[in-house]
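Chemist: structure of the sequence below:
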Amino acid sequence: MAEHTHVLFVEDDDVIREATQLALERDGFVVTAMPDGLSGLEAFRADRPDIALLDVMVPGLDGVSLCRRIRDESTVPVIMLSARADSIDVVLGLEAGADDYVTKPFDGAVLVARIRAVLRRFGHASGSASGAAAAAQEESEAAGGVLRFGDLEIDTEGMEVRKDGAPVALTPTEMRLLLEFSSAPGTVLSRDKLLERVWDYGWGGDTRVVDVHVQRLRTKIGQDRIETVRGFGYKLRA
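Modeler: The predicted structure follows:
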């Protein structure tokens, strides 16, 4: 999967930037490394990488603002790098459109695993549909591949969503999250289960990733469409 996968890496610390670039290149990734947000944005627009790794605290244009700029132009996967796991920057990065984050200092193998997990979610691995997508397609065959929940329509074949007939722009992560909910409407899905199914975490992860993405999804499909079940998780209102 790594072969020819182009990574944009924005990091202002010279030692971290050079060491991480070498580690990623040893794993077969093609890496464009930039020391600040403005040069990172230029590189993104020029090269259109497959994935972006953005440090939160970079000069010129900080990582959160850079993520927001990238998200305005593309659905390319974004992983934020933060020096503190409890930092508000983590949530700000996710709210800006990042798909995941990794805490610094990080182990090179952990970073590569996270990158590969994100790329699998975005279809860079085998191109096969997720389990949720397959289940949703199976359930909706009689309806021509379209699931309907009130004013919400999910085309599981065309991977398109409409609300009141108008198209809804979702990132691939948001789409996978919605497919998980729509494959079992009315069923409560725990945060850990969503981390496993949507984020491909085979280990415990930060549930803030789930919470922020659910909130982003709510703003797009309707605040009351996804219900919080306190102490358990979330469910799609059937």
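Chemist: drop to CA atoms for contacts and neighbour counts, all remaining ones
Modeler: Noted.
Chemist: who touches the residue nearest to residue 153 when sequence neighbours are not counted in this structure?
Modeler: Distances taken as Cα to Cα, 6 or more residues apart in numbering put residue 162 closest to residue 153, at 5.1 Å, once the chain neighbours are dropped. Listed by Cα atoms under 8 Å, 6 or more residues apart in numbering, the contact set of residue 162 reads 152, 153, 154, 168.
Chemist: need the phi and psi values for residue 34.
Modeler: phi -130, psi 150 (degrees, to the nearest 10).
Chemist: pairing partners for it in the sheet, please.
Modeler: Beta-bridge partners recorded for residue 34 (DSSP bridges): residue 10.
Chemist: picking up where we left off before, can you tell me the element the residue nearest to residue 153 falls in?
Modeler: Assessed by DSSP states H and E, residue 162 sits inside strand 160-163.
Chemist: give me the distance between the closest residue to residue 71 other than its chain neighbours and residue 42.
Modeler: Setting aside the residues directly before and after it, residue 71 is nearest to residue 97 in space (Cα to Cα, 6+ apart), at 6.1 Å. From residue 97 across to residue 42, the span is 19 Å (Cα to Cα, to the nearest Å).
Chemist: the two: who's more crowded?
Modeler: residue 97 (26 against 12; other Cα atoms under 10 Å).
Chemist: hmm, residue 66 and that one touching each other?
Modeler: No: between residue 97 and residue 66 there is no contact under Cα atoms under 8 Å: 10.2 Å.
Chemist: now do the same contact list for residue 76.
Modeler: Neighbours of residue 76 in contact, by Cα under 8 Å, 6+ apart: 49, 50, 51, 52, 70.
Chemist: what does residue 191 give?
Modeler: Contacts of residue 191 (Cα under 8 Å, 6+ apart): 207, 210, 211, 232, 233, 234.
Chemist: quick one: what helix or strand has the third one in it?
Modeler: Spelled out, that is residue 211. Going by DSSP H and E, residue 211 is in helix 208-221.
Chemist: helices or strands next to that helix in the packing?
Modeler: Counting by 3 or more Cα pairs under 8 Å, 6 or more residues apart in numbering; DSSP states H and E, the packing neighbours recorded for helix 208-221 are helix 88-95, helix 172-183, helix 191-198.
Chemist: return the most buried member of those.
Modeler: Ranked by mean neighbour count, those are led by helix 172-183 with a mean of 22 (mean count of other Cα atoms under 10 Å).
Chemist: average pLDDT for that helix?
Modeler: Helix 172-183 shows an average pLDDT of 93 in the prediction.
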